[in-house]
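**Student:** with the input below, show me the fold.
(one chain, ligands or ions: 1)
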Amino acid sequence: MSTQAGSEVKVFLRTRPTANFAENLIEYVDGQTVNVHQKKDSRKGVVNNQLNSWSFRLDGVLHDVSQEEVYARVGRGVVLGAVEGYNGTVMCFGQTGAGKTYTITGASGSYQERGIIPRAIQEVFHEVDQRSTHTFRVQLSYLEIYNESLVDLLASLRGCPGAGPGPGGMAVVEEACGGVSIRGLSLHLVHSEEEALNLLFEGEMNRIIGTHALNKNSSRSHCIFTVHIESHSRTLSEAKYVTSKLNLVDLAGSERLGKIEPEGQMLKEAMYINKSLSFLEQAILALADRRRDHIPFRQSKLTHALKDSLGGNCNTVLVANIYGEAAHVEETLSTLRFASRMKRVQTDPIINQHTDPVVRLLLLYANRMETSYETLSEAQVAEVQSQVQRFLEGSLDEINVRTHNLSYKEHCQFVNVLNRLQEQKVKAQLCQNYTLVEKDQSTADSSAAKVSLLEGSSSASDCLPSSSPPPKADAFEDFKAEQGSEINRILKENKVVLLECRARLRELTEGVNTTKREIDSTSTTLRQWKDRQQSQGQFISADGVPVLDEAELSLVLRLRDLKTHYRQQYEELHCIKAEVNYCQHLVDQCRTRLLTEFESWYNESFLLPEEVQALLRSGGTIRPGLVPVDKALSLVSYKHSIRFPPSATIFYSAHNRTVKRVGQHTHICTPISPNIMTTDR
Ligand SMILES: Nc1ncnc2c1ncn2[C@@H]1O[C@H](COP(=O)(O)OP(=O)(O)OP(=O)(O)O)[C@@H](O)[C@H]1O
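**Tutor:** Numbering: from 1, shown residues only. Next up is the predicted model:
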């Protein structure tokens, strides 16, 4: 099993550009050292003009650098490692508005300013194309953790309409190998960079953002975009294959409550954010202390979900984002303290290598037949595959591929394979309860990869309540009748208005069609009348002017009225269509809000550890949450002056498709002819 030399988590500092950078307080020494000076607090009775100073040593300082350079220094190594089979994590941490989302995702809609995720996607598919000796399977998932609720940002793309995360809802579950996975989170198989970008933009549209004093598009949640990579050798007899998980994490911004005094929903969100970040700090402190053997991962959804991504078997890189103005020096200090703790965490990545039981079985079978794997006939391969398939489906109790007279060594191998398949069978049965968006089931092993055999043990966590929560369907009915009654009432009202609008749209469409038919028939009659007149000769007045007869005149006037009426009706139709779209949008927003609120309420009422519940109690009763503001509305102004490289077309076409699909009235960007290449690939 290959390993990369164990080392510490890599930590970089990145600054948000500002004209008021506090040069006298923040000092970059040699590209790796940051000195921070802070005035002593006069309220604490200390002389005001004295300074406290701290020095932090990091792996790099990214001040005034392009997105491309950030990716090259922070992301590329981790991404290439993931293609090789090493787990990787890139995580952005810092105060609200410091540039975490800009770093990890980039400025939506701008190719030049795209962040680490789109660049990582591009790199992965570039590598897949280059490595012709292997076949790759790339899957994506996009998880949001909002107020201690797990949200699938790609749920709108689930394969089967109406399929939810299953009766148990979404949960972090521990895997037999020590890793974690998210039960109920949809996994999407992608075959190209563009398909992957489509999913990224789709997820971005669904993120919960709010307006904050320091950031008008502030992420109010933690988001984890994961690229799952599996690679098999094209050599048929090679039973070994590798898998890896690349987590790209945008943490919600830490903030001092006293500074901006949020209230209502904002306060509740801030409390959840700060609490989960403080649990993250506790986990990091424990990880950095080599004498500790218990790491409190299960204290929050965030730490639990990141259990296998914060060091250990993972190449981990942290970007500490700061907003280097004097007013934020305290936040800068606390970000740097977090960063230097994180830097002490050990990593010990290994290539995640597995053995494909089907190939193993085929090798054994070939041995028994005294032939080689490569010379097995199609019928022989099909026989083994069919047995495995039926065994996994449960219609065959035993696998028997001519395994009589096995040597002791072969017998051990056979038992191993059977155990592995039995494990898969159990997992596959569990999987049936959950949605797994799998279009391609060609690799039997990966079909069941997301559900832990230790599922039972996760509920035995010492932090989780012991009594089992009520079924979600029942709880949802209760919620709609009580805490969620107001938003449910609004949803119902909006639905009624939507239905009325749709009825008016139908009526008007019929009216427009009737008028159009009348126009056509009147035009025909008028044309026929004119033809007849022409054949009979036109009647001319005494002054020599052609005279219309009364019937013809009435037809002309009728046609004019009909056309005026048609125009009016058409305009009205246009308005009512916009109205229907708007109402539909509101209904969708209400529905999302009802569900988000329900998830928060359900978690708070039944799933949260008692200590967290106690903390939230002071935050007051449940209030309707923020309607997810569509990030498309905040899409940046596009830089039409820039000319793009060909790869930008993929980026823009994925972006535009998502925006159009969601039906936003937003500025859609169009790539300009790719004449001049930038330095980006
Ligand atoms: N390096 C940078 N270059 C240009 N603009 C930046 C940079 N960093 C941040 N910004 C801008 O600053 C604003 C805030 O950045 P961003 O939304 O990424 O912050 P954040 O840390 O994710 O905040 P929050 O925690 O509130 O979500 C955005 O308008 C972003 O475009």
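**Student:** thinking Lys516 is in contact with His565, fair?
**Tutor:** No - between Lys516 and His565 there is no contact under CB atoms under 8 Å: 10.5 Å. For every residue, glycine as well, the C-beta is placed using N, CA and C.
**Student:** now Ile117: how far from Ala286?
**Tutor:** Applying CB to CB, to the nearest Å, the value for Ile117 to Ala286 is 29 Å.
**Student:** quick one, grab the pLDDT at the closest residue to the ligand within the stretch 251-400 of the chain.
**Tutor:** Nearest residue of the stretch 251-400 of the chain to the ligand, counting by CB to the nearest ligand atom: Gly253, 2.4 Å away. Here, the pLDDT recorded for Gly253 equals 85.
**Student:** number of nearby residues for the closest residue to it other than its chain neighbours?
**Tutor:** Distance criterion CB to CB, 6 or more residues apart in numbering; nearest residue to Gly253, sequence neighbours excluded, is Thr96 at 3.1 Å. Thr96 sits with 24 neighbouring residues when counted by other CB atoms under 10 Å.
**Student:** tell me the buried residues in stretch 105-122?
**Tutor:** Buried residues in stretch 105-122, defined by neighbour count with 16 or more other CB atoms under 10 Å: 105-122.
**Student:** do the same with stretch 388-400
**Tutor:** In stretch 388-400, counting by 16+ other CB under 10 Å, buried: 388, 391-392, 399.
**Student:** do a quick rundown of the helices in the stretch 1-150 of the chain.
**Tutor:** Secondary structure of the stretch 1-150 of the chain, counting by DSSP state H, counting those that start in this stretch: helices at 67-70, 76-84, 100-104, 116-130.
**Student:** any chance of these in TSV, with mean pLDDT and distance to Phe651 too?
**Tutor:** Formatted as TSV, the helices of the stretch 1-150 of the chain follow (pLDDT from 0 to 100; distance: least, CB to CB, whole Å):
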stretch	mean pLDDT	distance to Phe651
helix 67-70	97	13
helix 76-84	97	17
helix 100-104	96	16
helix 116-130	96	6
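**Student:** okay if I get the ones you listed as JSON lines plus distance to Leu553?
**Tutor:** Converted to JSON lines, the helices of the stretch 1-150 of the chain look like this (distance: least, CB to CB, whole Å):
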{"stretch": "helix 67-70", "distance to Leu553": "70"}
{"stretch": "helix 76-84", "distance to Leu553": "77"}
{"stretch": "helix 100-104", "distance to Leu553": "68"}
{"stretch": "helix 116-130", "distance to Leu553": "66"}
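**Student:** which of those sits most buried?
**Tutor:** Across the helices of the stretch 1-150 of the chain, averaging neighbours per residue (mean count of other CB atoms under 10 Å) puts helix 100-104 on top, at a mean of 26.
**Student:** show me how far that one is from its chain's centre.
**Tutor:** Mean-position distance between helix 100-104 and its chain equals 14 Å (CA atoms, centre = their mean, to the nearest Å).
**Student:** run through who's touching it.
**Tutor:** Identification of contacts with helix 100-104 by CB atoms under 8 Å, 6 or more residues apart in numbering yields 14, 16, 67, 70, 90, 92-94, 113, 115-117, 217, 219, 225, 248-251, 253, 319, 321.
**Student:** so what's the residue count around Ala648?
**Tutor:** 21.
**Student:** which residue, neighbours along the chain excluded, lies closest to it?
**Tutor:** In space, Ala648 is closest to Tyr111, 4.0 Å off (CB to CB, 6+ apart).
**Student:** that neighbour and Arg558, how far apart?
**Tutor:** 56 Å.
**Student:** and Ile224, by the same measure?
**Tutor:** 66 Å.
**Student:** and for Phe651?
**Tutor:** Going from Phe651 to Arg558 by CB to CB gives 55 Å.
**Student:** what about these two, which has more around it?
**Tutor:** Phe651 (28 against 15).
**Student:** compute the first-to-last residue distance for stretch 83-100.
**Tutor:** Length of stretch 83-100, first residue to last, CA to CA, to the nearest Å: 24 Å.
**Student:** tell me the buried residues in it?
**Tutor:** 83-100.
**Student:** what do you get for stretch 21-38?
**Tutor:** For stretch 21-38, burial by neighbour count (16+ other CB under 10 Å) applies to 21-22, 25-26, 34, 36, 38.
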